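In: Pasting the sequence and the predicted model now:
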Amino acid sequence: MVEEKILIVDDDELESKKNSGILTDVGYEVIVCKSGAEALEYLNRNPVELVLLDVNMPEMNGYEVCLNIRKQFPLDNLPIIFLTNQENEASVTQGFQSGASDFVCKSAAPDILLARIGVHLRLTRSLRNLRDISLTDDLTGAYNRRHAIFSLREMFARSKRYGTQFSLIYFDLNGLKRVNDEHGHLAGDLLLRSVVSVCEKLLRESDMLFRMGGDEFLVLCPDTDLKGTVVCAERMQAAVKALTIVDQTVGFAYGIACSTEDYKDMDEMLQSADSSMYECKRKMRAERV
């Protein structure tokens, strides 16, 4: 049974009903919007796998709608297929320039429409899989360092431009080497996966957890002030402290940086959190002596 959700955007009720029937008959979930504004509002709140978009609509035509969708959803993440009565050179060129993935003539046979939809859904799934592989850490499933730097750069630039607030947590595990030395790397790997698992359960959907390498991790917390970030870090610290691998437990040292400190660049912000983390590690060692 097909489970993908497809959004049809068309002011022609008969055309929408026809296409909706074609899609639901083969198992797609279909949502219909009668205008570009309605479609954009829907996409702001709900995920879909593909958009079928009429070119000729009043107030906001299909090209304008497509351009607005592409501001939020890149070409490789959400296919947009234009439905049109004309496929002349000018309209096709304008459509692709506005971000369309494909064109289907409204008079085309249903099998052609379904075939085009199937091709773009499979292509999008493949691209997402490749992107996930390139952005995640093989061992733990957390995001990797490459994605951390990209995401931090993007979040920092947005904060500078629009005044949005975010914080980051840099944390390090004390005791991974001991687990590896005494029980082998399989036990150490289990520890790292367990740390990621318990931390992800405590994070919000908008938060992002990255493995920076070895036993060091980074968490990005959008729209979060310093107080809220401390609460998040302490909850993760308590959850990690409660973990036992074989007969070993590990410590959790962390540092925090908040965009409200007006760092000159993301490297300075990251260095601030890293320095705070190492100060935390120093204090933890002193307390054990």
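Out: Structure's in. What do you need? These figures come from a predicted structure and were not determined experimentally. Numbers count the residues shown, from 1 in each chain.
In: What segments of the stretch 51-200 of the chain are strands?
Out: 80-84, 102-105, 166-174 (DSSP state E, counting those that start in this stretch).
In: what would the ones you listed look like in CSV with mean neighbour count and mean pLDDT?
Out: For the C-beta atoms, the positions are set from N, CA and C on the backbone; glycine is no exception. Formatted as CSV, the strands of the stretch 51-200 of the chain follow (neighbours: other C-beta atoms under 10 Å; pLDDT from 0 to 100):
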stretch, mean neighbour count, mean pLDDT
strand 80-84, 23, 93
strand 102-105, 16, 92
strand 166-174, 24, 93
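In: which one of these lies closest to Glu13?
Out: Set against Glu13 and scored by C-beta to C-beta, these come closest in strand 80-84, at 13.9 Å.
In: Can you list the strands that that closest one pairs with?
Out: In the sheet, strand 80-84 lines up against strand 50-54 (parallel), strand 102-105 (parallel) (DSSP bridges).
In: on that earlier part again, wait, which of the strands of the stretch 51-200 of the chain is closest to Tyr263?
Out: Nearest to Tyr263, of all the strands of the stretch 51-200 of the chain, is strand 166-174, at 10.6 Å by C-beta to C-beta.
In: Who are the packing partners of that closest one?
Out: Applying 3 or more C-beta pairs under 8 Å, 6 or more residues apart in numbering; DSSP states H and E, one finds that strand 166-174 makes contact with helix 145-162, helix 185-202, strand 216-222, helix 226-241, strand 251-258, helix 266-288.
In: Now the weakest link among the ones you listed, please, by mean pLDDT.
Out: Ranked by mean pLDDT, the helices and strands packed on strand 166-174 bottom out at helix 266-288, with a mean of 87.
In: Make JSON lines from the strands paired with strand 80-84 and add distance to Glu261 to it.
Out: Shown next, in JSON lines, are the strands paired with strand 80-84 (distance: least, C-beta to C-beta, whole Å):
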{"stretch": "strand 50-54", "distance to Glu261": "41"}
{"stretch": "strand 102-105", "distance to Glu261": "47"}
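In: quick one, which of those strands is nearest to Leu139?
Out: Ranking those by their distance to Leu139 (criterion: C-beta to C-beta) puts strand 50-54 first, at 33.5 Å.
In: can I get the CA coordinates of the closest one in CSV?
Out: Output in CSV follows, covering the C-alpha atoms of strand 50-54 (Å, rounded to 0.1, in the frame of the first residue of the first chain):
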residue,chain,number,x,y,z
LEU,A,50,5.2,15.6,-3.7
VAL,A,51,3.2,18.6,-5.1
LEU,A,52,1.1,18.6,-8.2
LEU,A,53,0.7,22.3,-9.1
ASP,A,54,-1.6,23.9,-11.7
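In: what's in contact with that strand?
Out: 4, 6-12, 15, 19, 39, 43, 62, 65-66, 69, 78-84, 100, 104, 117, 120-121, 124 (C-beta atoms under 8 Å, 6 or more residues apart in numbering).
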